[in-house]
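Peer 1: just to be clear, the model below is a prediction. Sequence and coordinates:
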Amino acid sequence: MRWWAAVAWIEELLQAGKAKADEVEVYLVSGTSVSADLKKTSISLCTSAIESGIGIRTIKDGRIGISGTNDPGQWKTCLDAAIASGRLATPGEWHGLPEPADIPGTDLTFDPGLEVGPGIAEKLVKEMLEGAARHPRAAVTSGGAGVTYGEVTIANSRGVRYTSRQTEVSAALDAVSGQSTGYEFDAAGSAEGIDARRIGERAASLAERSKDGKKIATGTYDIVLSPMAFADLLSGILIPSLSGRNVLQGRSKLAGKIGEEVASPLVSLYDDPHRKGALGSTWFDADGMPTHRLDFVRDGVLAGFAYDCRTAYRAGTASTGSAIRGGPGGSPVIGHHNFVVDGKRSGLYDAPGVYVHGVIGAHTANTLTGDFSVEMSNAFTIRDGDLAEPVRSAMLTGNFFDLMRSIAALGKESRAVGSYILPPVRIKNVRVVGT
């Protein structure tokens, strides 16, 4: 992929690192962003930032050292710190950094015509407010929009030299009507990928429609989880169980169940890192490994787990190209790029039930057992094929692994929720506790 003289200092860093360690890697991140924040219906703050940083990883005798800095000009000091931290590390199984692969030179989520300036952010904010104004009984409380250009470079002493670029446009709005709130958001690789008016209209509509909710009797119901609610539960419970690190350490409920049915036969789960336009798309992971589609569940049957290089070596298997980083200074960890929920699609509202737009408290779930208890937000009864009365605050409880086996239908349209691409789902016989 692209490699320019502007970062020729990286070659000097790699040569200096090889003189002191068995292997060395540098991870460079740079970017520009502009954001506009709303306070009620006025822009209260508009900010612009230019950021850069590097992370250096060294390996010597199986000991891994990590260091990072926001000033790439200080790479010599950063390299020394990485080597010093490696001396204190416990040695582990290590079979080398990745070697170069034939990586495509195209950027998967990049709009070359996108201008990272206040104009787009202000336009998105204005359009969200226009959408929210369609529901005058709801008031905007906060929100904002942003535009980002980012660039990632990874290079190592075995010859890997990869660079990718990405653009992102995002917008979100909060609204209130009486004691009820509504929230909506979206993000895409270009401004054309976002319907800001719909974001504003949806947030205000949820707040307005949720007003004066009715109490629901405690009992067992069929529920429909919105993509947002489903993504929250997935990320808090199921995703940790698919990590090879948790499998290796005995902290995954799915360990030892490859080939067993762990979800409804209607459901398949996979990571699709090459999806054009998706925000998690990449040709290489944070270790410098080539990425590929990774199937976790096929038609309800567990097919595999995610591994980065370090965990794969310790588990005696191969990396799945699943390493990610939260920033340049940290060590790679196991994650996913675009987590997709897929399967046969059908209608969701053909029978009575409860629709749940959001959940509160998914982070409190027990990631090992799958037990959870969350508050429902913007919930409605389902009647005559549509949403009916709003439901006053109630709790959703159960075991998420059991819920995955009870999925009865997947909605026809998927949407992106962060790094998840998923439809709404209908689940049978879920315990709802009225409050």
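Peer 2: Great, that's in hand.

Peer 1: now the helices: where do they sit in the stretch 201-350 of the chain?
Peer 2: All helices of the stretch 201-350 of the chain, identified by DSSP state H, counting those that start in this stretch, fall at 227-233, 239-241, 244-248, 309-315.

Peer 1: would you list those in a markdown table and tack on mean neighbour count and distance to Ser67?
Peer 2: C-beta here means a position set from N, CA and C on the backbone, and glycine is covered the same way. Shown next, in a markdown table, are these (neighbours: other C-beta atoms under 10 Å; distance: least, C-beta to C-beta, whole Å):
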| stretch | mean neighbour count | distance to Ser67 |
| --- | --- | --- |
| helix 227-233 | 23 | 34 |
| helix 239-241 | 21 | 27 |
| helix 244-248 | 21 | 22 |
| helix 309-315 | 21 | 17 |
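
Peer 1: any idea how far Asp212 lies from Ser177?
Peer 2: Remark: distance between Asp212 and Ser177 (C-beta to C-beta, to the nearest Å) = 9 Å.

Peer 1: more neighbours: these two, which one.
Peer 2: Ser177 (21 against 12; other C-beta atoms under 10 Å).

Peer 1: quick one: residues contacting that one.
Peer 2: Ser177 makes contact with His135, Arg137, Ala138, Ala139, Ala204, Ala207, Glu208, Ser210, Lys211, according to C-beta atoms under 8 Å, 6 or more residues apart in numbering.

Peer 1: the third one against Arg202, yeah?
Peer 2: No. Ala138 is not in contact with Arg202 according to C-beta atoms under 8 Å; the separation is 10.8 Å.

Peer 1: mind checking the helices of the stretch 201-350 of the chain for the one nearest to Val29?
Peer 2: Closest to Val29 of those is helix 309-315 (C-beta to C-beta; 19.3 Å).

Peer 1: can you name every helix or strand that the closest one contacts?
Peer 2: On a contact count with 3 or more C-beta pairs under 8 Å, 6 or more residues apart in numbering; DSSP states H and E, helix 309-315 meets helix 244-248.

Peer 1: just the CA atoms of the helix it packs on, as CSV, please.
Peer 2: The C-alpha trace of helix 244-248 is given here as CSV (Å, rounded to 0.1, in the frame of the first residue of the first chain):
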residue,chain,number,x,y,z
GLY,A,244,-10.1,-16.5,22.1
ARG,A,245,-8.4,-14.9,25.1
ASN,A,246,-11.5,-15.6,27.3
VAL,A,247,-11.8,-19.1,25.8
LEU,A,248,-8.1,-19.8,26.7
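
Peer 1: so what does that helix touch, helix or strand wise?
Peer 2: Under the contact criterion of 3+ C-beta pairs under 8 Å, 6+ apart, helix 244-248 touches helix 309-315, strand 333-334.

Peer 1: swap the cut-off to 7 Å and go again
Peer 2: helix 309-315 (3 or more C-beta pairs under 7 Å, 6 or more residues apart in numbering; DSSP states H and E).
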